[in-house]
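> Kindly return the folded structure for what I paste below:
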Amino acid sequence: MVKNNITSDFKSQLSTVNCQLENVIHVENLVKRFGDFTAVDHISFDVWQGEIFGFLGANGAGKTTAMRMLCGLSKPTEGHGRVAGFDIDREVEKVKSNIGYMSQKFSLYNDLKVWENIRLFAGIYGMRDREIAQKTDELLQRLNFASERNTLVKELPLGWKQKLAFSVSIFHHPKVVFLDEPTGGVDPVTRRQFWELIYEATAEGITVFVTTHYMDEAEYCNRVSIMVDGQIKALDTPKNLKHQFSADSMDDVFHQLARNAKRGDN
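Next up, the predicted model:
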């Protein structure tokens, strides 16, 4: 099992966003089995308030299954987990109301207008009408989207959709937001702009739990875990992982670990 240390390097990074070392996610020996197949095999880790935590793994590693358990979408077979202070097995609805979620495949309704998407998801998160109206105007101004208020989402450029989807996922200021491959298929400039939004969110104390296939994005995380065949094989800051594996980049670290994977998609 990988030892879950908080290194001095990471503490220094946290101090730049004025965060306290409070764990927002706590996972202990979490397991998910489907019949005889163990998709997630006794993983343990903590994620801290205001942290950008990279959750990496090749297809079939188990990271999506693990994320679904943390979001309350799948029941663990064994082990324990708490997200935003709530048990992922016994307090699922409380978990859901205290997190945000954005995926590459589904985040917004294309046939609804910009303001309609904001109102819909804010209502799902339990916000009141007056607060929704006020914060919608503030959000549109901040994103320079005021002129697009009545535009159908499908008519927006992809980069704009991403910015809107992320902003909607943290509209209710959750303790943690889960981002599942959020920057897939976009150009480097748009990806960089998206990560600027992530840093703004963490500066406000929101914890970001992100999966990505782009190893350069792993360099932007405070800490990174790498799953192989359902187990976490490495967990530390990018700097320390590169030192540990005598690697020049996170891409090198990832390939050193992933080359020994024995299974395909999960």
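
> can you give me the strands for the protein?
23-34, 37-48, 52-57, 78-83, 86-87, 99-103, 176-180, 207-211, 223-228, 231-236 (DSSP state E).

> Can you tell me which of these is nearest to Ile198?
strand 207-211 (5.5 Å; C-beta to C-beta). Any C-beta I mention is one placed from the backbone N, CA and C, and that applies to glycine too.

> sorry, back to before: do you know which of the strands of the chain lies nearest Phe194?
Phe194 sits nearest to strand 176-180 of all the strands of the chain, at 9.3 Å, using C-beta to C-beta.

> quick one: strands adjacent to that closest one?
Sheet pairing of strand 176-180 (DSSP bridges) gives strand 99-103 (parallel), strand 207-211 (parallel).

> so it versus strand 23-34, what angle?
In this structure, strand 176-180 runs at an angle of 40 degrees to strand 23-34, with axes from the mean of the first three to the mean of the last three C-alpha atoms, to 10 degrees as the basis.

> So which residues lie in contact with strand 176-180, not counting its own?
For strand 176-180, the external contacting residues (C-beta atoms under 8 Å, 6 or more residues apart in numbering) are 24-25, 47, 64, 67, 70-71, 83-84, 98-104, 166, 169-170, 198, 201, 206-211.

> Please produce CSV containing the strands paired with strand 176-180, extended by mean pLDDT, mean neighbour count and distance to Lys161.
Shown next, in CSV, are the strands paired with strand 176-180 (pLDDT from 0 to 100; neighbours: other C-beta atoms under 10 Å; distance: least, C-beta to C-beta, whole Å):
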stretch, mean pLDDT, mean neighbour count, distance to Lys161
strand 99-103, 92, 22, 11
strand 207-211, 96, 25, 18
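
> if I read this right, Arg68 contacts Ser74, doesn't it?
Yes: using C-beta atoms under 8 Å, Arg68 is in contact with Ser74, at 4.1 Å.

> which neighbours do these two share?
With C-beta under 8 Å, 6+ apart, Arg68 and Ser74 have no common neighbours.

> what about the stretch 51-200 of the chain, any weak spots by pLDDT?
Residue ranges of the stretch 51-200 of the chain with pLDDT under 70: 106.

> can you give me the helices in it?
Secondary structure of the stretch 51-200 of the chain (DSSP state H, counting those that start in this stretch): helices at 63-70, 92-97, 114-124, 129-142, 158-169, 188-203.

> closest to Thr151 out of the strands of the chain?
Between the strands of the chain, strand 99-103 lies closest to Thr151; by C-beta to C-beta that is 19.7 Å.

> Measure how far the closest one is from the centre of its chain, please.
7 Å (C-alpha atoms, centre = their mean, to the nearest Å).

> got a list of contacts for that strand?
For strand 99-103, contacts defined as C-beta under 8 Å, 6+ apart pick out 71, 83-84, 125, 165-166, 168-172, 174-182, 206.

> switch to 7 Å and redo it
71, 83-84, 165-166, 169-170, 174, 176-182 (C-beta atoms under 7 Å, 6 or more residues apart in numbering).

> Which of the residues you listed ranks first by neighbour count?
Top of the contacts of strand 99-103 by neighbour number is Val83, holding 28 neighbours under the definition other C-beta atoms under 10 Å.

> For that one, give me its contacts.
Counted by C-beta under 7 Å, 6+ apart, Val83 has contacts Ile25, Leu70, Val95, Ile99, Val176.

> what does Gly230 give?
Thr38, Ala39, Val40, Asp41, Gly62.

> cool, and Met250?
Met215, Ala218, Glu219, Val224, Pro238, Leu241, Lys242.

> number of nearby residues for the second one?
Just to be clear, that refers to Ala218. Ala218 sits with 23 neighbouring residues when counted by other C-beta under 10 Å.

> ok, it - contacts?
With contact set as C-beta under 7 Å, 6+ apart, Ala218 has these partners: Gly54, Leu56, Thr212, Val224, Pro238, Met250.

> ok, the nearest residue to it once chain neighbours are set aside to Phe86 distance?
Closest residue to Ala218 apart from its sequence neighbours, by C-beta to C-beta, 6 or more residues apart in numbering: Met250 at 4.1 Å. As judged by C-beta to C-beta, to the nearest Å, Met250 and Phe86 stand 32 Å apart.

> sorry, back to before: let's have the strands of the chain in TSV, adding distance to Asn150.
Converted to TSV, these look like this (distance: least, C-beta to C-beta, whole Å):
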stretch	distance to Asn150
strand 23-34	36
strand 37-48	38
strand 52-57	34
strand 78-83	36
strand 86-87	37
strand 99-103	23
strand 176-180	27
strand 207-211	30
strand 223-228	41
strand 231-236	46
